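Asker: Could you work out the structure for the sequence below:
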Amino acid sequence: MRLKPFSKWFVFLMPLFLCSGANSSSPAEPSLLLQLPAINATQVVFVFAGDLWTVPREGGEARRLTTGLGKEANPRFSPDGEQIAFSAEYDGNIDVFVIPASGGIPHRLTYHPSPDEVLGWTPDGKQILFRSDRIHPNGIPRLYTIRVEGGFPTEIPLPTADEGSFSPDGSKLAYVPIMPWQPGWKRYRGGQTRPIWIVDLAT
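Answerer: Reported below is the predicted structural model:
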């Protein structure tokens with residue numbers, strides 16, 4: 001079919017008009033890549049550009065907690081919401097740190113050359129739960145706790161665990177024993193559903 005001159009211009013220019021209309025309705029500021037959020041009663045903490053930021057739960061202006069000395073990840077509020085545990089790579093190694101939720105100087109808790117990645121807190125807020133492959137020759141992770149004041153970590157007696165969370169009374173631990181075979185994947189239509197087990201820490 002042969003188009004008239006006007007029809008040819010219409011076909012050529014219509015996509016440009018549609019694109020310009022879509023751009024005019026978009027927000028003035030682009031969306032940011034905010035990652036790994038955690039919440040307490042009043043705040044949200046998240047990772048942006050390798051640093052920790054906080055913002056009120058109702059929204060508003062975000063405030064930077066860390067200063068860009070390294071890469072931070074996995075922020076977790078303490079049960080009372082007063083402190084934030086996180087993993088950071090400041091000297092070429094990933095370790096556990098804690099910082100007041102209001103801001104301040106991060107306090108380093110672990111010093112092992114293997115990566116230590118924060119998962120959460122004990123319900124009493126006295127210890128931080130993290131995973132590490134520090135004692136396994138094949139890089140299989142296990143779970144540990146360490147006191148907020150520092151010291152030597154305590155291993156949770158499980159043969160392997162990749163994630164974990166304490167029950168409210170601290171007597172049990174829900175954990176994932178199997179590591180994901182490919183943490184980052186695209187356009188895969190299958191599944192990586194992993195079992196969740198519960199262990200009674202007293203028995």
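
Asker: continuing past the helix or strand containing residue 146, what's the next helix or strand?
Answerer: If you go by DSSP states H and E, residue 146 is part of strand 142-147. Downstream of strand 142-147, the next assigned helix or strand under DSSP H and E is strand 154-155.

Asker: List the pairing partners of that following strand within its sheet, with orientation.
Answerer: Using DSSP bridges, strand 154-155 pairs in its sheet with strand 142-147 (antiparallel).

Asker: How much space separates residue 91 from residue 153?
Answerer: 19 Å (Cβ to Cβ, to the nearest Å). Placement of C-beta: from N, CA and C, glycine included.

Asker: So for the two, which residue has more residues nearby?
Answerer: When residue 91 is set against residue 153 and neighbours are counted by other Cβ atoms under 10 Å, the residue ahead is residue 153, at 21 against 11.

Asker: Now do the more buried one, the pLDDT please.
Answerer: With respect to pLDDT, residue 153 has a value of 96.

Asker: Just to check, it is in contact with residue 143?
Answerer: No - in this structure, residue 153 is not within contact of residue 143 by Cβ atoms under 8 Å, at 9.8 Å.

Asker: average pLDDT for the strand or helix carrying residue 54?
Answerer: In the assignment (DSSP H and E), residue 54 maps to strand 51-56. For strand 51-56, mean pLDDT rounds to 94.

Asker: Extract the CA atoms of it and return them as PDB.
Answerer: Output in PDB follows, covering the C-alpha atoms of strand 51-56 (Å, rounded to 0.1, in the frame of the first residue of the first chain):
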ATOM      1  CA  ASP A  51      27.000   3.900  52.000                       C
ATOM      2  CA  LEU A  52      24.300   3.700  54.700                       C
ATOM      3  CA  TRP A  53      21.500   6.200  54.700                       C
ATOM      4  CA  THR A  54      18.400   6.700  56.900                       C
ATOM      5  CA  VAL A  55      15.100   8.400  56.300                       C
ATOM      6  CA  PRO A  56      11.900   8.700  58.400                       C
END
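
Asker: Walk me through which strands it pairs with, and which way each runs.
Answerer: When DSSP bridges is applied, strand 51-56 pairs with strand 43-48 (antiparallel), strand 63-64 (antiparallel).
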